[in-house]
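Q: this one's structure only:
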């Protein structure tokens, strides 16, 4: 049986599940407080979750400022990867950004994260630069990618 994945706006009640995904996905995870701040204090922020039943299996977020959207984070729980959930999350962010007046979108991705880079290229993003030592946990470079029209 294929489990149905629902995509919806992130709510405060989702933070525990989001944080579980965050911890399985990143060496230096955001805190629960950081997500709470994004949801309750940041007017530019827009976050969504992917759920199977009540379980959060992925999430994505962005800031929309004027006509630009900046993806802040996107992650899928390791046991749900390979099911196009990340692709659907990014497509949903793009639609939401466009609805909020964004014309283009940017993100940073670790130089070593080739799977994510392939997804971003597939969805029309192009590498436009490098931020040397961007990731503070490992000093790894970030590839800056843009999609000029969303």
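A: Great, that's in hand. Because the structure is a prediction, the values reported are computed rather than measured. Numbers count the residues shown, from 1 in each chain.
Q: and the strand or helix carrying residue 118, what other elements does it pack with?
A: If you go by DSSP states H and E, residue 118 is part of helix 114-122. Applying 3 or more CB pairs under 8 Å, 6 or more residues apart in numbering; DSSP states H and E, we find helix 114-122 packed against helix 85-99, strand 104-110, strand 142-147. Yep, even glycine has a C-beta here, placed from its N, CA and C like the rest.
Q: ok, which stretches of the protein are helices?
A: Under the criterion DSSP state H, the chain carries helices at the ranges 15-25, 32-41, 85-99, 114-122.
Q: out of those, flag the one nearest residue 51.
A: Closest approach to residue 51 among the helices of the chain is made by helix 15-25 (7.9 Å; CB to CB).
Q: on that earlier part again, could you list the buried residues of the helix holding residue 118?
A: Residues of helix 114-122 classed as buried by neighbour count (16 or more other CB atoms under 10 Å): 116-117, 119-120.
Q: name the residues that touch it?
A: 74, 86-87, 90, 107, 109-110, 127, 143, 145 (CB atoms under 8 Å, 6 or more residues apart in numbering).
Q: let's see that with 7 Å instead.
A: 86-87, 107, 109, 143, 145 (CB atoms under 7 Å, 6 or more residues apart in numbering).
Q: for residue 11, the count of nearby residues, please.
A: 11 (other CB atoms under 10 Å).
Q: just residue 78 next, same as before
A: A count of nearby residues for residue 78, using other CB under 10 Å, gives 10.
Q: before we move on, back to that, nearest to residue 19, out of the helices and strands packed on helix 114-122?
A: helix 85-99 (16.6 Å).
Q: rewinding a little: which two of the buried residues of helix 114-122 have the greatest separation?
A: 117 and 119 (7.3 Å).
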